[in-house]
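Colleague: can you look at this prediction? I've put the sequence above it.
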Amino acid sequence: MEAVREPIRLLEIEKELAGPEKESALARYDAVLVALERRIEAAMKEGLPPEEYPAVEALREANTLARKILRLTVRVGGKP
């Protein structure tokens, strides 16, 4: 049985990405998004029902955007 974990909070992620270990935090979070990207690509390669395609395409775009935001947050250092 998998342990129940507390949901990740966006503010906690932002603090991690601005902290001294920001590169390792970026790598961890990006790895999750890369795994999702691979799952999306596999699903699209296998073929999707027409009614599911728009939702999966939107998820793919959101995932790409999330990866860009992660990198930008690290580059800026979490400063407004």
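Modeller: Everything's here; your move.

Colleague: make it CA atoms for all contacts and neighbour counts henceforth
Modeller: Will do.

Colleague: so what's the residue most central in space within the chain up against?
Modeller: The residue lying closest to the centre of the chain (Cα atoms, centre = their mean) is Leu33, at 3.6 Å. By Cα atoms under 8 Å, 6 or more residues apart in numbering, Leu33 lies in contact with 63, 66-67.

Colleague: what do you get if the cut-off is 7 Å, keeping everything else the same?
Modeller: Applying Cα atoms under 7 Å, 6 or more residues apart in numbering to Leu33 gives the contacts 63, 67.

Colleague: ok, now the one 4 residues further on?
Modeller: Residues counted as contacts of Glu37 (Cα under 7 Å, 6+ apart) are Arg60.

Colleague: element containing it?
Modeller: helix 22-46 (DSSP states H and E).

Colleague: now the terminal residues of stretch 40-60, how far apart.
Modeller: The straight-line separation of the ends of stretch 40-60 (Cα to Cα, to the nearest Å) is 7 Å.

Colleague: who's in contact with that stretch?
Modeller: Glu37.

Colleague: tell me the mean pLDDT for the helix holding Glu37?
Modeller: For helix 22-46, the mean pLDDT works out to 95.
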